[in-house]
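Q: could you work out the structure for the sequence below:
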Amino acid sequence: MTPAALPTPAPKSREIRALTGLRGVAALYVVFFHANGLHAFPSLVRPFVSHGYMAVDLFFILSGFVMAMTYGGLFEHGFSFAGFRKFLLLRLARIYPLYILMTVITAVMITTVLSGTYRFDDNVLRALPYNITMSHVWGLAYSIVPPSWSISTEWAAYLLFPASILVAMWLPRRYALLGVVAAFGILIAVAYGPQWMTHHAHKGIGKLDVVHSYAPGTTLRCLAGFYIGLVAFRFKDLVPARAAGLFLPLALLLLCYKSNDVWLVAVFAGLIMSLSHDEGLIARLLQGRIAYWLGLVSFALYLIHDLVQKIIFKSFPAWGVDLGLSKMTWVFVSVAVSLGIAALAHYYYEKPSRIWARNLIRALENHAPVFSRANYVRVVDYVRSVAVRPTTPAE
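A: You can find the predicted model right below:
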């Protein structure tokens, strides 16, 4: 492999603050998108807000980029079970504590206090095991926490990570680029393909808004975006920081029009590559205190906001809670409440549990296994020493 075919390594400890801020803004975009589904926004902003589902595709590309940056080196010399186990455990430490908490809380609430107002098109007890294992969107069950469909698809991407990172980063460039062509081919098939691919009534119109648990396009949408993110990391140095000034306005423009979803994926990849340098005006704006803080709490916000919105827009009216506020005011109330709960969950549960889980993984790695060769030798030596030990003559 020639040096030109190799990606530029990134320091493991370096955080790209602009990408953290980008993730936070995208998470807030998703919140407003879901609110628009419960109360129609003014017509002036509705086209832009109703395209918010594409923020999840941004997440997929960003996730692939960050996984390549952080864990790509684990498989530089090929597959190893130790490296793969470490990767999966670290990802579980990152996403699982808050995910399982929200899954259990939502399952309990929709079968008790919210049973009359919360629609769930599945049997909770039947769906729960698949949701617990994050395999539900693989054609097995509906999502108990609706936004968790993307977490289930990303779990599939993690399980395929050793193969995808090998092609994206460590094989010659032509193979990585052929993979990108295949990934965009998959996205085109999802956006314009048949009804069985998406389970959409509006088939073949160019939309990537595929979230159905029993539609193969849902997981394929993630796998394609994730792989594009892996390759984007490899070639990030080809896109200068100043290009963010082109990619961001172009993305905002395309988000105002439908049927541009596949093009948006390409623009998102370029935007992430340009912001990865953490330099320039756009990067500095995303490094700002508000955007960066949104990035820190983005995972909690993503998992929590849907339940908050369903309570406010579905349960409150059924319970007679009105307070004389307009629907649009309730939208901003739901956003504020979601942000507040997300902040509490992040600082007092998600972050401490992640630290605890990572410390546990580190302790297990440093602890010698019970059935190691060294322990076997010790046992054998002890048995031999007992067997040959001279006995005391009987008196």
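
Q: can I assume V124 is in contact with V145?
A: No: using Cβ atoms under 8 Å as the test, V124 is too far from V145 to be in contact (11.8 Å). C-beta: built from backbone N, CA, C; applies to glycine.

Q: can you pick out the residue with more neighbours from the two?
A: V145 (22 against 17; other Cβ atoms under 10 Å).

Q: what's the spacing between the more buried one and L230?
A: For V145, the distance to L230 equals 27 Å [Cβ to Cβ, to the nearest Å].

Q: where does the prediction get shaky in the stretch 51-200 of the chain?
A: Along the stretch 51-200 of the chain, the model assigns pLDDT under 70 to no residue.

Q: show me where it has helices.
A: With helices called from DSSP state H, counting those that start in this stretch, the stretch 51-200 of the chain shows them at 54-71, 81-110, 124-132, 149-159, 161-165, 173-192, 195-198.

Q: show me the shaky parts of the stretch 201-350 of the chain.
A: Checking the stretch 201-350 of the chain against pLDDT under 70 turns up 201-205.

Q: can you give me the helices for it?
A: Going by DSSP H, counting those that start in this stretch, the stretch 201-350 of the chain shows helices at 216-234, 244-254, 261-275, 281-286, 289-296, 298-310, 316-319, 327-345.

Q: I132: which of those is closest?
A: Closest approach to I132 among these (Cβ to Cβ): helix 298-310, 14.6 Å.

Q: show me what that closest one is packed up against.
A: Contact partners of helix 298-310 among helices and strands, from 3 or more Cβ pairs under 8 Å, 6 or more residues apart in numbering; DSSP states H and E: helix 17-38, helix 81-110, helix 327-345.

Q: winner for burial among these?
A: Using mean count of other Cβ atoms under 10 Å, the stretch among the helices and strands packed on helix 298-310 with the largest mean neighbour count is helix 17-38, at a mean of 22.

Q: just checking the distance from the helix or strand following that one to the centre of its chain.
A: Per DSSP states H and E, helix 17-38 leads on to helix 46-49 as the next helix or strand towards the C-terminus. Centre-to-centre, helix 46-49 and its host chain are 23 Å apart (Cα atoms, centre = their mean, to the nearest Å).

Q: hang on, the earlier thing: to A291, which of the helices and strands packed on helix 298-310 lies closest?
A: helix 17-38 (3.5 Å).

Q: helices and strands around the closest one, which ones?
A: Counting by 3+ Cβ pairs under 8 Å, 6+ apart, helix 17-38 packs on helix 46-49, helix 54-71, helix 261-275, helix 281-286, helix 289-296, helix 298-310, helix 327-345.

Q: go again with 10 Å.
A: helix 46-49, helix 54-71, helix 244-254, helix 261-275, helix 281-286, helix 289-296, helix 298-310, helix 327-345 (3 or more Cβ pairs under 10 Å, 6 or more residues apart in numbering; DSSP states H and E).

Q: so which of the ones you listed is nearest P317?
A: Using Cβ to Cβ, the helices and strands packed on helix 17-38 put helix 327-345 closest to P317, at 9.8 Å.

Q: what helices and strands are in contact with the closest one?
A: Short answer (3+ Cβ pairs under 10 Å, 6+ apart): helix 327-345 packs on helix 17-38, helix 81-110, helix 289-296, helix 298-310.

Q: alpha carbons of that helix, as PDB, please.
A: The C-alpha coordinates for helix 327-345 follow below in PDB (Å, rounded to 0.1, in the frame of the first residue of the first chain):
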ATOM      1  CA  LYS A 327     -49.900  25.400  20.000                       C
ATOM      2  CA  MET A 328     -46.700  27.200  18.800                       C
ATOM      3  CA  THR A 329     -46.000  28.200  22.400                       C
ATOM      4  CA  TRP A 330     -46.300  24.600  23.500                       C
ATOM      5  CA  VAL A 331     -43.700  23.700  20.800                       C
ATOM      6  CA  PHE A 332     -41.200  25.900  22.500                       C
ATOM      7  CA  VAL A 333     -42.200  24.700  25.900                       C
ATOM      8  CA  SER A 334     -41.600  21.100  24.700                       C
ATOM      9  CA  VAL A 335     -38.200  22.100  23.400                       C
ATOM     10  CA  ALA A 336     -37.200  23.800  26.600                       C
ATOM     11  CA  VAL A 337     -38.400  20.900  28.800                       C
ATOM     12  CA  SER A 338     -36.600  18.400  26.600                       C
ATOM     13  CA  LEU A 339     -33.400  20.400  26.800                       C
ATOM     14  CA  GLY A 340     -33.700  20.700  30.600                       C
ATOM     15  CA  ILE A 341     -34.300  17.000  31.100                       C
ATOM     16  CA  ALA A 342     -31.600  16.100  28.600                       C
ATOM     17  CA  ALA A 343     -29.100  18.300  30.500                       C
ATOM     18  CA  LEU A 344     -30.000  16.500  33.800                       C
ATOM     19  CA  ALA A 345     -29.800  13.100  32.200                       C
END
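
Q: quick one: that helix to helix 289-296, angle?
A: 70 degrees (axes from the mean of the first three to the mean of the last three Cα atoms, to 10 degrees).

Q: about what we covered before: just send the helices and strands packed on helix 17-38 back as CSV, with distance to N36 too.
A: Below are those laid out as CSV (distance: least, Cβ to Cβ, whole Å):
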stretch, distance to N36
helix 46-49, 5
helix 54-71, 13
helix 244-254, 17
helix 261-275, 17
helix 281-286, 23
helix 289-296, 19
helix 298-310, 10
helix 327-345, 8
